[in-house]
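[1] 3D, please:
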Amino acid sequence: MFRWQLSTPILAIVLLWLSNWHVTAATVVANLIGGLIFFWVDKYIFKVEYKIPLWEIKNNVKCTDCGAVTRGYRLVKTKKYDRLGDKKPEFRCETCSENKLSNLRKKGVRA
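    Alright, predicted model coming up:
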């Protein structure tokens, strides 16, 4: 919301600058200029690294390790671990998930 409001003064200046143009044309040009500026701002904002791990939790799944049918957990993404596009996600029961997480921590993955 704050980022959106930052664009208001820039768009207003461009619209004042183009006040002798047709309203639609001036608006299109103002939005193009705003887009050229805020593309880089948005690219920076949405390049935030994962500081909090992203987990996926499902009920009634079969644990990949022990085969128990229970609530399943899988770590999806952290700073040094990315399984976001995994075609066949592996869910684990709570105990096996903790064991897997312990092994990942030994490899430097923080979750």
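[2] Please make it C-alpha for all contacts and neighbour counts, starting now.
    Will do.
[3] Show me where this structure has its helices.
    Secondary structure of the chain (DSSP state H): helices at 2-17, 23-45, 94-106.
[4] could you dump these to JSON lines with mean pLDDT?
    Shown next, in JSON lines, are the helices of the chain (pLDDT from 0 to 100):
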{"stretch": "helix 2-17", "mean pLDDT": "84"}
{"stretch": "helix 23-45", "mean pLDDT": "87"}
{"stretch": "helix 94-106", "mean pLDDT": "89"}
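[5] With respect to I52, which of the ones you listed lies nearest?
    Closest to I52 of those is helix 94-106 (C-alpha to C-alpha; 14.5 Å).
[6] Enumerate the positions of the closest one that are buried.
    96-97, 101 (16 or more other C-alpha atoms under 10 Å).
[7] will you turn the helices of the chain into TSV that also has distance to G67?
    Output for those, formatted as TSV (distance: least, C-alpha to C-alpha, whole Å):
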stretch	distance to G67
helix 2-17	47
helix 23-45	41
helix 94-106	10
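[8] Can you give me the end-to-end span of stretch 82-96?
    Taking C-alpha to C-alpha, to the nearest Å, the first and last residues of stretch 82-96 lie 19 Å apart.
[9] While we're on the residue located most distally from the centre of the chain, how confident is the model there?
    Taking C-alpha atoms, centre = their mean, the residue of the chain most remote from its mean C-alpha position is N20, at 41.3 Å. The score at N20 is 93. That number is its pLDDT.
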